[in-house]
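Student: this one's sequence-less:
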C-alpha cells in the first residue's frame, strides 16, 4: 500500500508542474514498476494535460470493469517503459479495442476510435502487461 501512495505522490508532483510524466518515470521510490497511469483530465494546452484523478495500473492488471468514478472518464494516459496497455470501449473487455505502447498520450481525443469517434472518455476496461 505504501508503494501505491508513493507512486501517486510522484505522479501528483509531476502533474502539479504541468506536464505528463514520461514512461520511465512510472515507478515507485523503491523501483517497483508501474504499468500505466490513467488520468481523468486533459487540456487544449499540452502542458496542462495528465491532471485530475488518476488510476495507477500495476503490471498484469486485468480489469474488465473500471473502478467506480473512472469508467468513461479517462482523457490522458502514460504507459510505462516496456509495457503495453490494451483498452476497450465497453465493460467486460468488449467493443472497440486499442493497444497503447510505452509512451505518453496527453489527449486521448486525438486517438481515433472508428470513423467518427475517439478514445477521450471512452475507456471502460483494460489489460496492462510489462515485459
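Tutor: It's in. Fair warning: this is a prediction, and the values are worked out from it, not measured in the lab. Numbers count the residues shown, from 1 in each chain.

Student: just the helices in this protein please.
Tutor: 2-16 (DSSP state H).

Student: quick check: beta-bridge partners of the most centrally placed residue in it?
Tutor: Nearest to the centroid of the C-alpha atoms of the chain, with distances taken as CA atoms, centre = their mean, sits residue 38, at 2.5 Å. Going by DSSP bridges, residue 38 is paired in beta bridges with residue 55, residue 77.

Student: residue most distant from the centroid, the protein?
Tutor: Computed with CA atoms, centre = their mean, the maximum C-alpha offset from the centroid of the chain is found at residue 115, amounting to 23.0 Å.

Student: for that one, give me the pLDDT.
Tutor: Listed pLDDT for residue 115 reads 85.

Student: and the pLDDT at residue 42?
Tutor: Per-residue pLDDT puts residue 42 at 86.

Student: pLDDT weak spots in the protein?
Tutor: Residue ranges of the chain with pLDDT under 70: 1-18.

Student: residue 97 and residue 87 touch, don't they?
Tutor: Yes - with contact defined as CB atoms under 8 Å, residue 97 reaches residue 87; the gap is 6.7 Å. For the C-beta atoms, the positions are set from N, CA and C on the backbone; glycine is no exception.

Student: more neighbours: those two, which one.
Tutor: Neighbour tally, residue 97 and residue 87, criterion other CB atoms under 10 Å: the higher count belongs to residue 87, 28 against 15.

Student: show me the contacts for that one.
Tutor: Listed by CB atoms under 8 Å, 6 or more residues apart in numbering, the contact set of residue 87 reads 97-98, 100, 119, 123, 125-126.

Student: now with 6 Å, please.
Tutor: Applying CB atoms under 6 Å, 6 or more residues apart in numbering to residue 87 gives the contacts 98, 123, 126.

Student: now, which of the residues you listed lie within strands?
Tutor: Those of the contacts of residue 87 mapping onto strands are 98, 126, per DSSP state E.

Student: got the contacts of residue 87 as JSON lines, with neighbour count columns?
Tutor: Formatted as JSON lines, the contacts of residue 87 follow (neighbours: other CB atoms under 10 Å):
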{"residue": "98", "neighbour count": "17"}
{"residue": "123", "neighbour count": "26"}
{"residue": "126", "neighbour count": "25"}
